[in-house]
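A.B. asks: Sequence first, predicted model second:
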Amino acid sequence: MFNIDVLLNNMQEKLFNQTIVVCVSTGIDSMVLLDLTRKLKNVKIIVAHVNHHKRKQSDEEQQYIIEYCNKNNLKCYVKELYFDNTKNFQESARNKRYEFFDEIMKAEDAKYLLTAHHATDNLETILIRLIKSTSHKGYAGIEKIQKHNDYYIYRPLLNLSKQDIYEYQSTYNIKYYNDESNNQDDYLRNRIRHNIIPEMEKENPSLYKAIEIYQEHILETNKMLFEQINSFINSEVLVQNNIISFKQKSFLLLSNYLQEQVLFEILKKYNLSKTLILELIDQIKSSKNMIINNISSELTMVKEYNYIKFGKINEIDEFSYTISKEGTYLLPNNIKIIVDKNICYFETENDKLCYNIKDLPITIRTRLNGDKILINNQVKNLSDYLTNNKVSHFVRSNLLVITNNLNQVIYLIEKK
């Protein structure tokens, strides 16, 4: 059997004087974990149990863990979940469980949430991710300690095999309940557990040590990868007014793989697929000088003036308002115009424009195709003016114009 003292010393060092929440399903893994935590000194243990009501014995298991905690003076939280033929049961259940755990961690001001994932779970996860594809870091499998919201998820048993856990249970005669659904091959994880892993264990008696080394290598290379990603982001990526931008030339100096990873990182919150990321890279590499890709209502990519920009297009609704006398006028997007014949200017949130009040009326409106702009007594195409001055598409979509009585643009107003 594994060295119990070494495991307990590692746990004691990390959890000393801490309030911890232990996830207990009453299966063998979590009951072994709970027994181990009770051997620690100066640690406040709280138990969290979720009853999914998917099996006949679920209520019996719930009652058992409540009685166990009462007997051993442990505080116990129980959450009962009900699902009506949910297609994505596992994902839905996981989300509900972590909502429950988040509530407990906050209520108890706990720093560590302990789960009973072990080395066999980890190998299953790695194989699933190899089959389905994932990120570079994802191929490393389950991390032993992981930041989650305001606390850490800690998996002390991650280097123990399932056989190690069985031996510990047998040695200390720990009661547990067997989940018979684990014997079925309805889920990919179960098929891997029953059909693939036993063959791998036959091929390599030291399989789990090999997986541990493999995981260390992946996590180390991932650390180096992110150093390169962050180096590019810190030196080349600018975020201003919620618009992400970088030079096309600098981006194209990266390797193809780094290009993918940089886009994944800077656009992480949009949860884009790899297929879409590769399409964006093709557009960045394109010889076209101007590309506008409306990815979603929340995200547009604009390639312009040798820059790549990502952000949300906030277009102004069609608008037109004519001013014929002095006064204060409130316009869309919180823009304010002041016309004062004594001071002789129009004032917006950020600028002032001197103008002869005798030349009223003027009109404030949205841009139109074919607009002309009056610059130094010369009339030019507004679109040419914007292009020559490298005005971004994100700004253009958010412009109002002021026109004179000849319908010539005399001023541009941007909502900041």
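C.D. replies: Nice, thanks for sending it over. Residues are numbered from 1 along each chain as shown.
A.B. asks: in the lengthiest helix in the chain, what's buried?
C.D. replies: Criterion DSSP state H: the longest helix present in the chain is helix 207-236. Residues 207-208, 211-212, 215, 218-219, 222, 225, 229, 232-233, 236 are the ones in helix 207-236 that count as buried (16 or more other C-beta atoms under 10 Å). (Glycine included, C-beta is placed from N, CA and C.)
A.B. asks: Going by distance to Glu326, which of those residues wins?
C.D. replies: Closest approach between the buried residues of helix 207-236 and Glu326, by C-beta to C-beta: Glu236, at 48.5 Å.
A.B. asks: and the closest one, what is it in contact with?
C.D. replies: Phe246, Lys247, Ser250, Phe251 (C-beta atoms under 8 Å, 6 or more residues apart in numbering).
A.B. asks: can you put the residues you listed in a markdown table and add neighbour count and distance to Ile174?
C.D. replies: Formatted as a markdown table, the contacts of Glu236 follow (neighbours: other C-beta atoms under 10 Å; distance: C-beta to C-beta, whole Å):
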| residue | neighbour count | distance to Ile174 |
| --- | --- | --- |
| Phe246 | 21 | 56 |
| Lys247 | 15 | 61 |
| Ser250 | 15 | 58 |
| Phe251 | 20 | 56 |
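A.B. asks: quick one: secondary structure of Ile45?
C.D. replies: strand (DSSP: H, G, I helix; E, B strand; the rest coil).
A.B. asks: Restricted to helices, list the contacts of Glu236.
C.D. replies: Per DSSP H, the contacts of Glu236 map to helices at Ser250, Phe251.
A.B. asks: Just put the contacts of Glu236 in CSV and tack on pLDDT and distance to Tyr305.
C.D. replies: Below are the contacts of Glu236 laid out as CSV (pLDDT from 0 to 100; distance: C-beta to C-beta, whole Å):
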residue, pLDDT, distance to Tyr305
Phe246, 98, 12
Lys247, 98, 10
Ser250, 98, 14
Phe251, 98, 14
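A.B. asks: sorry, back to before: mean confidence for the next helix or strand after the longest helix of the chain?
C.D. replies: Toward the C-terminus, helix 207-236 is succeeded by strand 238-240 as the next helix or strand (DSSP states H and E). The pLDDT scores in strand 238-240 average 95.
A.B. asks: packing partners for strand 238-240?
C.D. replies: When contacts are defined as 3 or more C-beta pairs under 8 Å, 6 or more residues apart in numbering; DSSP states H and E, strand 238-240 packs onto strand 243-247.
A.B. asks: which residues sit against the strand it packs on?
C.D. replies: 236-239, 266-267, 306-311, 392, 394.
A.B. asks: Out of the contacts of Glu236, the closest to Lys285 would be?
C.D. replies: Set against Lys285, the nearest of these by C-beta to C-beta is Phe251 (9.2 Å).
A.B. asks: Is it correct that that closest one is in contact with Lys309?
C.D. replies: No: using C-beta atoms under 8 Å, Phe251 is not in contact with Lys309, being 11.8 Å away.
A.B. asks: Torsion angles phi and psi at the nearest residue to Asn404 once chain neighbours are set aside?
C.D. replies: With C-beta to C-beta, 6 or more residues apart in numbering as the criterion, Asn404 has its nearest non-adjacent residue at 5.3 Å, and that residue is Ile410. Backbone torsions of Ile410, given as degrees, to the nearest 10, read phi -110, psi -10.
A.B. asks: Report the separation between Ile410 and Leu368.
C.D. replies: Ile410 is 15 Å from Leu368, where distance means C-beta to C-beta, to the nearest Å.
A.B. asks: Between those two, tell me which one has more neighbours.
C.D. replies: Between Ile410 and Leu368, Ile410 has the larger neighbour count (other C-beta atoms under 10 Å), namely 17 against 13.
A.B. asks: can you tell me the helix or strand for Glu99?
C.D. replies: Assigning secondary structure by DSSP H and E places Glu99 in helix 89-108.
A.B. asks: so where do the helices sit in the protein?
C.D. replies: 4-15, 28-37, 58-71, 89-108, 119-132, 162-172, 188-191, 197-203, 207-236, 248-252, 256-266, 274-285, 382-388, 393-396.
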